[in-house]
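Colleague: Generate a structure from the sequence data that follows.
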Amino acid sequence: MALAFIALLGSKTAVLNQTAFMLTTAVLVDTFIVRIFVVPILMSFTGTLSWWPRRDIPACVICDSFTEE
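Modeller: Now for the predicted structure:
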C-alpha cells in the first residue's frame, strides 16, 4: 500500500504529491509504530477488558440456537 502511494510522488501535480506523502506517512506510521507499540501498550493498560467476549459461551447454547425452528 505504501509503495502504491510512493509511486504517486512521481506526479507533477502538487496536490497529488502532498496527498501521496501524507498517505504514505500515515500508512508507515500505522504499520511500524501504532500496531507494534501503541496497541500492545493500550491492551496492557486495559487488561482483561480488551478481550471480547470475556466469558466462554457454552457450545450447547450455540448449537441450540441453530437447531430451534
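Colleague: low-confidence ranges in the protein?
Modeller: Within the chain, the segments meeting pLDDT under 70 span 52-69.
Colleague: redo that, cut-off 90
Modeller: 1, 43-69 (pLDDT under 90).
Colleague: Now do the helices in it.
Modeller: 2-7, 14-29, 39-46, 59-67 (DSSP state H).
Colleague: which ones are touching the nearest residue to Phe21 once chain neighbours are set aside?
Modeller: The shortest distance from Phe21 to any non-neighbouring residue, by CB to CB, 6 or more residues apart in numbering, is to Leu9 (6.5 Å). Every C-beta, even on glycine, is put in place using the N, C-alpha and C of the backbone. Each residue near Leu9 by CB atoms under 8 Å, 6 or more residues apart in numbering is listed here: 17, 20-21, 24.
Colleague: from what I can see Thr19 touches Ser11, true?
Modeller: No - Thr19 lies out of contact with Ser11 (CB atoms under 8 Å); the separation is 9.5 Å.
Colleague: in this structure, which residue is closest to the centre?
Modeller: Arg35 (7.4 Å; CA atoms, centre = their mean).
Colleague: That one and Ser11: what is the separation?
Modeller: Arg35 is 29 Å from Ser11, where distance means CB to CB, to the nearest Å.
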